[in-house]
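# let me see the structure of the following:
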Amino acid sequence: MHLSNLANHFRRTPYIVLLLLFLVAGGGFLFYHFSRPAAHPQAMLQDLEQISSASYDTVFFSMYPIGHYKKEDFVNYRGWNPIFSSYQPQTLTELSAYLDAAFSRGNVTQAICLGLDPYQIWLSNGGKTKRWNQDLQKKLLNYIKDTPSLQYNIFLPCPSIDYWLSLNETELEYAFAAYKGLIAHLSVYDNVSIFFLGAEEWLIENPGNYDGYFDFNDSVAHKIFLFTFCDQNAKITPYDMETCFSKLEELITRKRQDASPLPDLSDWEITFWGDISFDAPLDSLSLPGAVTNLSGASTYSYVISSAKASDPSDYDISFPGLIDGFCTGSLSPAPYSPDMGSMQSMGSMRSMGTDASLCFVISYGITDYFAGTPIDNKGDPLDTQTFAGALRTGIGRLKETYPNAVILLVTPAFCYPYHDQPGETGGTLSDYVDAIVEIAREENLPCLNLAVGLEPEEDTNASYYFEEWHLKESGYFLLAQKIIALLEERTLNQPF
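Reported below is the predicted structural model:
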């Protein structure tokens, strides 16, 4: 279709949408999707003009926002030169216009990436199965069949839990059916891969991951890209979709049954201290980010990947050295903020003038184990050249300076095969775990023992950890919930 004719066609679109709304609004199907702000057709025409003139070998066209995906990721990780749609096609007719424009150029030699919204496609066909099937065949599947040498990567939307909660039971039933139906239709083609992470609790229940119902922030979009193209963790097939959507349905049901608001820990300031086991980019998926987004607490990270609790060669980055810097105000933290704004100073963190709502979350052991740090000196419990002595010294300084603060110890996870394998000094990783648990008992401190699992009935290594000791996003999310629950008990003046 010539661009001038296309313009005339899409100038009539608002009237078509109004007619559809008038005809089927009583059915309750159009709850959210048609309530999106309507984009001017000119935005689509600008996209098509760019597609007709730009240089690219890959396209990414989407029915929902993809503005936080970065071209650099496609270039650096896949070697592709992509062009993105800025307008969000609301029907397969609109999407097919994008595909026609791209194929007419002959530029697409690497991949077709499509963000398809199954429920939106269903709604745009009036909720009629026959029309839906015909639309899929003519406006999508024919392209896939006609270009068998091209790889089609289908990104299904992974909206936040708030979106799913906004749908009534009938809408939810139709939405699930649309997702499953589209997966079934597309999976028969060898040149199609389908990706969906929308049943992951760590993703959809963390409000900080989203800018709206559908739009991820930058760090989450990057992570989804890696899961899609590097780890293949996001792929979904007809063989596992029932399990996936049953999981999603359980999450929705649980949230509906427990309609209580998120905990309010906005008065709390939480600092994180540790080694490689807590090391992660400081974003919404990190432990500080998850705690902030689920509770409103202010969070700060003093995690140093290579640091040891005891480090005679560099006292300043040992745990006692860092605590000395913290207590004297000479150490600046890395704060998490939802917009990742400017760094905050220690002065702003301690402006409350009280330590009643201050929490220290401390997790060491992995790096000390691999470095062969002696575990303890029975003749000198405060020997900072030992693992336990360094922890006791730093904790003692914290308790002296902030007597009302909460100090929470977190052990390393169960790390096969290191847990029971002697290190350089003969101690196993489990010995370092036992030392932390014993110090918590001595000092009457709460302790989360990850060596017995975040969830004992789960396979913790597979579910929550990379490389045995690195927490996955799911691990950070669950640990954040446990930390929040513990501090809620403190807020309610209940014993730990």
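# now for the protein, the helix or strand with the poorest mean pLDDT.
helix 13-24 (a mean of 33; mean pLDDT, DSSP states H and E).
# ok, residue 134 to residue 180 distance?
Going from residue 134 to residue 180 by C-beta to C-beta, to the nearest Å gives 19 Å. In this view, the C-beta of every residue, glycine as well, is placed from N, C-alpha and C.
# what does residue 119 give?
Distance from residue 119 to residue 180, by C-beta to C-beta: 11 Å.
# hmm, back to that, among residue 134 and residue 180, which residue is more densely surrounded?
Set residue 134 next to residue 180 and count neighbours by other C-beta atoms under 10 Å: residue 180 wins out with 16 against 12.
# contacting residues for that one?
Contacts of residue 180 were listed using C-beta atoms under 8 Å, 6 or more residues apart in numbering, and they are 241-242, 245.
# and if we set it to 10 Å?
Neighbouring residues of residue 180 by C-beta atoms under 10 Å, 6 or more residues apart in numbering: 118, 238, 241-242, 244-245.
# highest neighbour count among those?
Ranked by neighbours (other C-beta under 10 Å), the contacts of residue 180 are led by residue 118, which has 25 neighbours.
# how many residues are close by residue 191?
What residue 191 shows, counting by other C-beta under 10 Å, is a neighbour count of 15.
# how far away is the closest residue to residue 211 other than its chain neighbours from residue 87?
Among residues not flanking residue 211 along the chain, residue 217 sits closest, at 5.9 Å (C-beta to C-beta, 6 or more residues apart in numbering). Separation of residue 217 from residue 87 (C-beta to C-beta): 21 Å.
# swap in residue 445?
In terms of C-beta to C-beta, residue 445 sits 55 Å off from residue 87.
# and for residue 407?
Taking C-beta to C-beta, one finds residue 407 at 52 Å from residue 87.
# hang on, residue 92 packs against residue 116?
Yes: at 8.6 Å, residue 92 and residue 116 qualify as touching, with contact defined as C-beta atoms under 10 Å.
# overlap in contacts of these two?
Common neighbours of residue 92 and residue 116 (C-beta under 10 Å, 6+ apart) are 63, 136, 140.
# ok, the first one - contacts?
With C-beta under 10 Å, 6+ apart as the criterion, the residues that contact residue 63 are 33, 85, 88-92, 94-95, 114-121, 124, 155, 157, 214.
# among these, which lie within strands?
114-115, 155 (DSSP state E).
# for stretch 432-442, what is the average pLDDT?
The average of the pLDDT scores along stretch 432-442 is 95.
# starting at the chain centroid, how far to it?
32 Å (C-alpha atoms, centre = their mean, to the nearest Å).
# tell me the residue furthest from the middle of this protein?
residue 379 (46.4 Å; C-alpha atoms, centre = their mean).
# and it, how far from residue 438?
16 Å.
# now do the strands in the stretch 351-496 of the chain.
358-363, 406-410, 447-448, 465-466, 470-471 (DSSP state E, counting those that start in this stretch).
# in the stretch 201-350 of the chain, which spans are helices?
Assigned by DSSP state H, counting those that start in this stretch, the helices in the stretch 201-350 of the chain fall at 201-204, 218-229, 241-257, 287-295, 319-328, 346-349.
# what does the first one contact?
So the one you mean is helix 201-204. For helix 201-204, the surrounding residues in contact (C-beta under 10 Å, 6+ apart) are 158-164, 197-198, 209-210, 216, 220, 223-224, 227, 247-248, 250-252, 254-255, 284-285, 290, 464, 472-478, 480-481.
# going by neighbour count, which of those are buried?
158-161, 163-164, 197-198, 209-210, 216, 220, 223-224, 227, 248, 251-252, 255, 284-285, 290, 464, 472-478, 480-481 (16 or more other C-beta atoms under 10 Å).
# can I get stretch 219-239 as CSV, trimmed to CA atoms?
Below are the C-alpha coordinates for stretch 219-239, written out as CSV (Å, rounded to 0.1, in the frame of the first residue of the first chain):
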residue,chain,number,x,y,z
SER,A,219,18.1,-2.8,33.6
VAL,A,220,15.1,-5.2,33.4
ALA,A,221,14.9,-4.9,29.6
HIS,A,222,18.6,-5.7,29.4
LYS,A,223,18.1,-8.8,31.7
ILE,A,224,15.2,-10.0,29.6
PHE,A,225,17.3,-9.7,26.5
LEU,A,226,20.1,-11.8,28.1
PHE,A,227,17.6,-14.4,29.3
THR,A,228,16.1,-14.5,25.7
PHE,A,229,19.2,-14.6,23.5
CYS,A,230,22.1,-15.7,25.7
ASP,A,231,20.7,-18.1,28.4
GLN,A,232,17.5,-19.3,26.6
ASN,A,233,15.8,-19.2,30.0
ALA,A,234,12.8,-17.4,28.6
LYS,A,235,11.7,-19.8,25.9
ILE,A,236,8.2,-21.2,26.2
THR,A,237,6.6,-24.1,24.2
PRO,A,238,3.3,-25.9,24.2
TYR,A,239,4.9,-28.6,26.4
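# what are the buried residues along that stretch?
Per 16+ other C-beta under 10 Å, stretch 219-239 contains these buried residues: 219-225, 227-229, 234, 236.
# can you tell me which of these is nearest residue 128?
Using C-beta to C-beta, residue 236 comes nearest to residue 128 of the buried residues of stretch 219-239, at 25.4 Å.
# contact partners for the nearest residue to that closest one once chain neighbours are set aside?
Leaving aside its chain neighbours, residue 236 sits nearest to residue 196 (4.4 Å; criterion: C-beta to C-beta, 6+ apart). Applying C-beta under 10 Å, 6+ apart, we find residue 196 in contact with 154-158, 179, 183, 228, 234-236, 240-241, 244-245, 248.
# per-residue confidence for residue 196?
97.
# want to throw the ones in strands among the contacts of residue 63 into JSON lines with distance to residue 70, pLDDT and neighbour count?
What follows is these, written out as JSON lines (distance: C-beta to C-beta, whole Å; pLDDT from 0 to 100; neighbours: other C-beta atoms under 10 Å):
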{"residue": "114", "distance to residue 70": "18", "pLDDT": "98", "neighbour count": "24"}
{"residue": "115", "distance to residue 70": "15", "pLDDT": "97", "neighbour count": "23"}
{"residue": "155", "distance to residue 70": "14", "pLDDT": "97", "neighbour count": "25"}
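# now these in a markdown table, with distance to residue 307?
What follows is those, written out as a markdown table (distance: C-beta to C-beta, whole Å):
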| residue | distance to residue 307 |
| --- | --- |
| 114 | 45 |
| 115 | 41 |
| 155 | 38 |
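# nice, that's everything, thank you.
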